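Peer 1: turn this into a structure:
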Amino acid sequence: MTANADPPARGEVDPLAFFQDIAGVIEVPWQFSAGADLGYPEVEGVRTPEWEQSGMYMARLHTAAAVDGEVTATFMRVAGLVDPPTALMTPEMQERVERGFEQAQPLPA
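Peer 2: Down below sits the predicted model:
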């Protein structure tokens, strides 16, 4: 059985085979979920420098999404599992995130 195939019409499903089969499909949503959980200090887990950088980039991306519809659309496609997470990291997207982040920043009082 594969994650993209129709389930068998009859018979039992081997749970171990099933979970091995879908592991690649659920990896991205699981990483999004688990990574976000680490944002809460009471959650146990390793917060690597890469996790810190990713969190800072995502915060900037969310800010930029408020002023740049292309950033919003790409984020929503990734969140909806239509596009891979790498779509948020292309040089063009990183440039849009930086421009949008700067544009969205409030002016000093």
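
Peer 1: who's in contact with the residue positioned nearest the centre of the chain?
Peer 2: If you average the C-alpha coordinates of the chain and look for the closest C-alpha using Cα atoms, centre = their mean, you land on Phe32, 4.7 Å from that point. For Phe32, the contacting residues are Ala79, Pro85, by Cβ atoms under 8 Å, 6 or more residues apart in numbering. From N, CA and C alone the C-beta is placed, and that goes for glycine too.

Peer 1: now it: how far from Pro91?
Peer 2: Phe32 sits 22 Å away from Pro91, taking Cβ to Cβ, to the nearest Å as the criterion.

Peer 1: with Ala73 instead?
Peer 2: 18 Å.

Peer 1: between these two, which one's more packed in?
Peer 2: Summary of the neighbour comparison: Ala73 and Pro91, criterion other Cβ atoms under 10 Å, with Ala73 having more neighbours (12 against 7).

Peer 1: next, Ser54: phi, psi?
Peer 2: In terms of degrees, to the nearest 10, the main-chain angles of Ser54 are phi -60, psi -40.

Peer 1: count the residues that sit near it.
Peer 2: Counted with other Cβ under 10 Å, residues neighbouring Ser54 total 16.

Peer 1: quick check, it in contact with Ala34.
Peer 2: No: using Cβ atoms under 8 Å, Ser54 and Ala34 do not qualify as a contacting pair, with a distance of 12.0 Å.

Peer 1: what about the strands in this structure?
Peer 2: For the chain, no strands are identified by DSSP state E.
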